[in-house]
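Chemist: Need a 3D model of the following:
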Amino acid sequence: MKTIIKNTLLVLFFVSSFSFYAQNRSLDNFRQPDKDGINVFEAPKDTVSTFNGVKVRVGGSSTLQLQALDHENSGAVPLKEIGTNFNLATANLDLDVALADGVRMHLRTYLSSRHHPEPYVKGGYFQIDKLDFISEGLLEDFMKHATLKIGHMENNYGDAHFRRSDNSQAIYNPFVGNLIMDGFTTEVGAELYYRCDSGFLGMVGFTNGKLNQGVDNPDTGGASFLAKLGYDKQFNDDFRFRLTGSLYNTGAVRTSYLYSADRAGSRYYLVLEDVDATAKGNFRSGRYNPNMRNEITAIMFNPFLKYKGLEFFGTIESTKGKANAETEERTAKQFAGELIYRFGNNENFYLGTRYNKVDAEDANEGDIEITRFQLGAGWFMTKNVLMKLEYVNQKHDGYNATSQFADGKFDGLMVEAAISF
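Modeler: From the prediction side, this is the model:
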């Protein structure tokens, strides 16, 4: 009964929010959560202010997949029997609030996710684009180019996280799955951005290196350092070029979650999992975590080119680190390239392909290799509704005969419907 009441109140809250804010939901320096937010990376910097009082924007997203995948391995470890069916529907609730001229808050709550069917907060931050709330005109020339973000938030490591699916926010991702090594974490910290009119951009940030916060275990801290340097230029109406290099480095923390922080889970349910696996307990199916828990140094380069309807996005990544008992560093490398062609009225249709490869020195298996090929198509029924179709094929090589991943592979079709507003 309590669940029914809670869900009813939530629906009423959404409906009333739509009617109240339907006239003007735009905010300053804000990445739109619909089709207009595609190929936007950091939130845009626009010094023109429209602030005229506190304004609350209520948004959200909902996503559902039909999965038709098969999997197999060499047979030493029996795999879970899987078939064609729908996955758990996922949903997000977003609150974005203009608090002052040049000051905005963002908060995202996962209403339902693969790992947590109950609602919980992903994270949030303050974004400061002006310092007029302290003193009018304070550092005005500097703040024309600068942005400060502070919070327990998704940290800006690499550019791939801007195109990934974040639980049900899947409209930016032209495919159904994220990268095999999914670089994503939420830590408490601050990031300072500076963007030049010429197209050059830079970012430096510090976090406390923890995914889960608490005053207990005070010896587990170790600041993480983030940095990004790049160039992003729209040369004309047809051609845009962006290239960035990013760094994530953490001290001797007890556990680093750079490749395991996503509690929302993988899109490929129960692939290459043993017979005792559950969708909730084994929520990272199809991904690879190099399990470098201490002193991680990760570097990612991302080129992006768009000429008319044709776009390319690449990922070149190298990570070094070690687990608690290890004395020697290990290395994991990831390469990905995606080619997308958008066409039709307002580019409402697209075809795309992605190749993703991971070479890693695994702590238990030695040298392993994972490759994934994806072929996808999409249709924006409206700017808020996207239908996707994907064929995926993933193979695992180099694993021991006793591993569930020995000669493991999965392939098949995924259909995904994504709504975001």
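Chemist: neighbours of Ala406, just the number please.
Modeler: Ala406 has 19 neighbouring residues, counting by other C-beta atoms under 10 Å. Where you see a C-beta, it was placed from the backbone N, CA and C, and this is true even at glycine.
Chemist: What of Asp34?
Modeler: Counted with other C-beta under 10 Å, Asp34 comes out at 19.
Chemist: let's have the chain start at 47 instead
Modeler: Yes, from this point I'll number from 47; that puts the last item at Asp80.
Chemist: Now the phi/psi pair for it, please.
Modeler: phi -110, psi -160 (degrees, to the nearest 10).
Chemist: Repeat that for Asn133.
Modeler: Dihedral angles of Asn133 (phi, psi; degrees, to the nearest 10) stand at phi -90, psi 170.
Chemist: nearest residue to it other than its sequence neighbours?
Modeler: Leaving aside its sequence neighbours, Asn133 sits nearest to Gln111 (C-beta to C-beta, 6 or more residues apart in numbering; 4.6 Å).
Chemist: do Phe419 as well
Modeler: Asn439 (4.8 Å).
Chemist: returning to what we had before: double-check the residue nearest to Asn133 against Thr130; I have them as touching.
Modeler: No: counting by C-beta atoms under 8 Å, Gln111 does not reach Thr130; the two are 11.3 Å apart.
Chemist: Which of those two has more residues huddled nearby?
Modeler: Gln111 (24 against 11).
Chemist: what's the helix or strand for that one?
Modeler: If you go by DSSP states H and E, Gln111 is part of strand 101-118.
Chemist: Give the buried residues for that strand.
Modeler: Of all the residues in strand 101-118, those buried under the rule 16 or more other C-beta atoms under 10 Å are 101, 103-111, 113, 115, 117.
Chemist: Could you give the bridge partners of Asp140?
Modeler: Gly105, Arg154 (DSSP bridges).
Chemist: surely it meets Gly106?
Modeler: Yes: with contacts counted by C-beta under 8 Å, Asp140 reaches Gly106, the gap being 5.6 Å.
Chemist: Buried residues in stretch 413-429, which are they?
Modeler: 414, 416-418, 420, 422, 424, 426, 429.
Chemist: and Asp82, which of the three is it?
Modeler: helix (DSSP: H, G, I helix; E, B strand; the rest coil).
Chemist: Please flag which of the buried residues of stretch 413-429 sit within strands.
Modeler: 414, 416-418, 420, 422, 424, 426 (DSSP state E).
Chemist: Please enumerate the strands of the stretch 247-396 of the chain.
Modeler: 270-280, 285-296, 340-353, 356-368, 376-389, 395-408 (DSSP state E, counting those that start in this stretch).
Chemist: Dump those to CSV, plus mean neighbour count, mean pLDDT and distance to Asp322.
Modeler: Converted to CSV, the strands of the stretch 247-396 of the chain look like this (neighbours: other C-beta atoms under 10 Å; pLDDT from 0 to 100; distance: least, C-beta to C-beta, whole Å):
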stretch, mean neighbour count, mean pLDDT, distance to Asp322
strand 270-280, 18, 96, 35
strand 285-296, 19, 97, 33
strand 340-353, 18, 94, 30
strand 356-368, 19, 96, 29
strand 376-389, 18, 97, 27
strand 395-408, 18, 97, 22
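Chemist: Quick check: which of the ones you listed is nearest to Asp453?
Modeler: Closest approach to Asp453 among the strands of the stretch 247-396 of the chain (C-beta to C-beta): strand 395-408, 15.5 Å.
Chemist: What is that closest one packed up against?
Modeler: strand 376-389, strand 412-428 (3 or more C-beta pairs under 8 Å, 6 or more residues apart in numbering; DSSP states H and E).
Chemist: Who does the first one pair with, and is each partner parallel or antiparallel?
Modeler: Paired neighbours of strand 376-389 in the sheet (DSSP bridges): strand 356-368 (antiparallel), strand 395-408 (antiparallel).
Chemist: Would you convert the ones you listed into JSON lines that also reports distance to Asp278?
Modeler: Below are the strands paired with strand 376-389 laid out as JSON lines (distance: least, C-beta to C-beta, whole Å):
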{"stretch": "strand 356-368", "distance to Asp278": "13"}
{"stretch": "strand 395-408", "distance to Asp278": "21"}
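Chemist: Out of these, which is closest to Ser449?
Modeler: Using C-beta to C-beta, the strands paired with strand 376-389 put strand 395-408 closest to Ser449, at 9.7 Å.
Chemist: Taking strand 412-428 as reference, get the angle to the closest one.
Modeler: For strand 395-408 against strand 412-428, the angle by axes from the mean of the first three to the mean of the last three C-alpha atoms, to 10 degrees is 160 degrees.
Chemist: What degree of burial does Gly183 show, as a neighbour count?
Modeler: Neighbours around Gly183, by other C-beta under 10 Å: 10.
Chemist: Check the gap between it and Gly99 for me.
Modeler: 21 Å (C-beta to C-beta, to the nearest Å).
Chemist: Same check on Phe179?
Modeler: For Phe179 relative to Gly99 (C-beta to C-beta), the value is 13 Å.
Chemist: try Met151
Modeler: Taken as C-beta to C-beta, the span from Met151 to Gly99 is 15 Å.
Chemist: Can you pick out the residue with more neighbours from the two?
Modeler: Met151 (15 against 6).
Chemist: Check the secondary structure at that one for me.
Modeler: Under three-state DSSP, Met151 comes out as strand.
Chemist: if I read this right, it contacts Phe172, doesn't it?
Modeler: Yes: between Met151 and Phe172 a contact is recorded at 5.6 Å, counting by C-beta under 8 Å.
Chemist: what residues are shared contacts of the two?
Modeler: Leu145 (C-beta atoms under 8 Å, 6 or more residues apart in numbering).
Chemist: so Phe188 is in which element?
Modeler: Using DSSP H and E, Phe188 falls in helix 186-189.
Chemist: so what does that helix touch, helix or strand wise?
Modeler: Against helix 186-189 (3+ C-beta pairs under 8 Å, 6+ apart) you get no helix or strand.
Chemist: Tell me which residues of that helix come out buried.
Modeler: Met189.
Chemist: Touching it from outside, list them.
Modeler: Contacts for helix 186-189 (C-beta under 8 Å, 6+ apart): 148, 175-177.
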